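Q: what follows is a predicted protein model with its sequence.
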Amino acid sequence: MSELIHPTAVVDASAQLAAAVEIGPYAVIGPQVVLGEGTEVGAGAQVMGPTVLGRRNRVFPHACVGFDPQDLKFAGEVTRLEVGDRNLFREFCTVHRGTGEGGGLTSIGNDNLFMAYSHVAHDCHVGDRTIFSNGATLAGHVEVHDDAVVGAYSAVHQFCRVGRHAYIGGYSVVTQDALPFVKTVGHRPAVYGVNKIGLERKGFDKEVIQRLAAALRVLVRGGLSTPNALARMRAEHAGCPEVDELIEFIAASKRGVIKILPGRRSRGASDG
């Protein structure tokens with residue numbers, strides 16, 4: 001294994017490195033770090049613990065993974081970062097451990113891409129196969145569900161959720177939950193319809209996409225309160241698992257969901 005660790009790299013004695021781990025020049029692997037088989041840490045990158053990275057992850061040059069949270073309430077309590085397999089952390093990406101008050105854990109699933117300068121803050125939970133474009137930023141306690149895309153230089157507010165197969169357009173400011181299967185875009189974010197192209201690429205049937213679009217129209221164009229819209233969506237689209245998921249996501253929202261149409265601003269229009 002020694003030939004895979006550059007002589008200028010600094011690896012703490014307590015770090016656990018599986019077979020075929022590669023550590024580049026001037027990289028730093030801190031205490032209580034576990035690197036799974038085939039994981040690569042590039043030149044000048046740093047991984048601090050307690051952190052576990054699974055198999056075949058790549059941490060590109062100058063990324064910082066597993067550092068203390070940027071939270072003034074953090075007092076040095078033991079918290080951790082857990083990362084699955086085959087994730088890509090590109091240059092200058094930052095990922096922080098959890099906080100004691102926030103559950104003590106930041107977690108990331110499998111097969112995610114974090115582009116340059118993206119940021120995952122403390123106590124966030126990211127699913128599988130997500131894409132974070134350059135500069136995409138999560139504040140603390142954010143959930144990003146499977147197959148979501150967070151566009152370049154977008155920011156997601158604390159305690160918000162980004163639903164499965166959601167698409168967040170570039171430079172958006174997400175201050176409420178972003179609906180699954182839906183495109184949400186803008187500094188004052190609005191709903192731009194179902195994420196049709198993304199869903200087609202992932203193999204969704206045309207009928208499912210049409211039913212999602214019809215259910216979304218009830219929510220954003222029906223002129224109904226959210227509870228009444230949900231009741232109508234249940235009545236009209238019973239038996240479609242994806243619509244059921246959309247309904248349950250809305251019903252479970254604590255911050256309310258983004259359901260404004262482009263160019264429209266009305267009091268209470270984004271109510272939960």
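A: That came through, no problem. Everything numeric in this text was worked out from a predicted model, so none of it was measured.

Q: quick one: name whatever helix or strand follows the longest helix seen in the chain.
A: Assignment by DSSP state H gives helix 206-221 as the longest helix of the chain. Using DSSP states H and E, the helix or strand that follows helix 206-221 in sequence is helix 226-236.

Q: about what we covered before: tell me the buried residues in the longest helix of the chain?
A: For helix 206-221, the neighbour count (16 or more other CB atoms under 10 Å) marks 208, 209, 211, 212, 215, 216, 218, 219, 220 as buried. Glycine gets a C-beta too; all of them are placed from N, C-alpha and C.

Q: packing partners of it?
A: strand 190-194, helix 196-201, helix 226-236, helix 241-251 (3 or more CB pairs under 8 Å, 6 or more residues apart in numbering; DSSP states H and E).

Q: go again using 7 Å as the cut-off
A: strand 190-194, helix 226-236, helix 241-251 (3 or more CB pairs under 7 Å, 6 or more residues apart in numbering; DSSP states H and E).

Q: and among the ones you listed, the most buried is which?
A: Sort the helices and strands packed on helix 206-221 by mean neighbour count, taking mean count of other CB atoms under 10 Å, and strand 190-194 sits at the top with a mean of 21.

Q: residues in contact with that one?
A: For strand 190-194, the external contacting residues (CB atoms under 7 Å, 6 or more residues apart in numbering) are 179, 181-185, 209, 212-213, 216, 220, 258-262.

Q: quick check: residue 172 touching residue 183?
A: No. Between residue 172 and residue 183 there is no contact under CB atoms under 7 Å: 10.0 Å.

Q: for the two, indicate the residue with more neighbours.
A: Neighbour count, other CB atoms under 10 Å: between residue 172 and residue 183, residue 172 has more, with 25 against 21.

Q: what about the longest helix of the chain, distance to the chain center?
A: Helix 206-221 sits 24 Å away from the centroid of its parent chain (CA atoms, centre = their mean, to the nearest Å).

Q: quick one: contacts of that helix?
A: Where contact means CB under 7 Å, 6+ apart, the residues beyond helix 206-221 that reach it are 181-182, 191, 193-194, 196, 199, 229, 232-233, 237, 240, 242-243, 246, 259, 261.

Q: average pLDDT for that helix, rounded please.
A: Across helix 206-221, the average pLDDT comes to 97.

Q: same thing with stretch 171-186?
A: For stretch 171-186, the mean per-residue pLDDT is 98.

Q: list the contacts for residue 134?
A: Neighbouring residues of residue 134 by CB under 7 Å, 6+ apart: 115, 116, 117, 118, 152.

Q: for residue 148, see how far away the first one is.
A: For residue 115, the distance to residue 148 (CB to CB, to the nearest Å) stands at 14 Å.

Q: tell me which of the two has more neighbours.
A: Neighbour count, other CB under 10 Å: between residue 115 and residue 148, residue 148 has more, with 28 against 20.

Q: I figured the more buried one hits residue 166, correct?
A: Yes. Assessed by CB under 7 Å, residue 148 is found in contact with residue 166 at 4.5 Å.

Q: one step back: got the buried residues of helix 206-221 as JSON lines, with distance to residue 58 columns?
A: Listed next are the buried residues of helix 206-221 as JSON lines, based on distance: CB to CB, whole Å:
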{"residue": "208", "distance to residue 58": "34"}
{"residue": "209", "distance to residue 58": "33"}
{"residue": "211", "distance to residue 58": "38"}
{"residue": "212", "distance to residue 58": "34"}
{"residue": "215", "distance to residue 58": "39"}
{"residue": "216", "distance to residue 58": "37"}
{"residue": "218", "distance to residue 58": "43"}
{"residue": "219", "distance to residue 58": "39"}
{"residue": "220", "distance to residue 58": "39"}
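
Q: where are the low-confidence patches of this structure?
A: The model of the chain has pLDDT under 70 over residues 1-3, 265-272.

Q: excluding its backbone neighbours, what's nearest residue 151?
A: residue 170 (3.7 Å; CB to CB, 6 or more residues apart in numbering).

Q: what about the one you found, how many neighbours?
A: The number of residues packed near residue 170 is 15, by other CB under 10 Å.

Q: alright, I will stop here.
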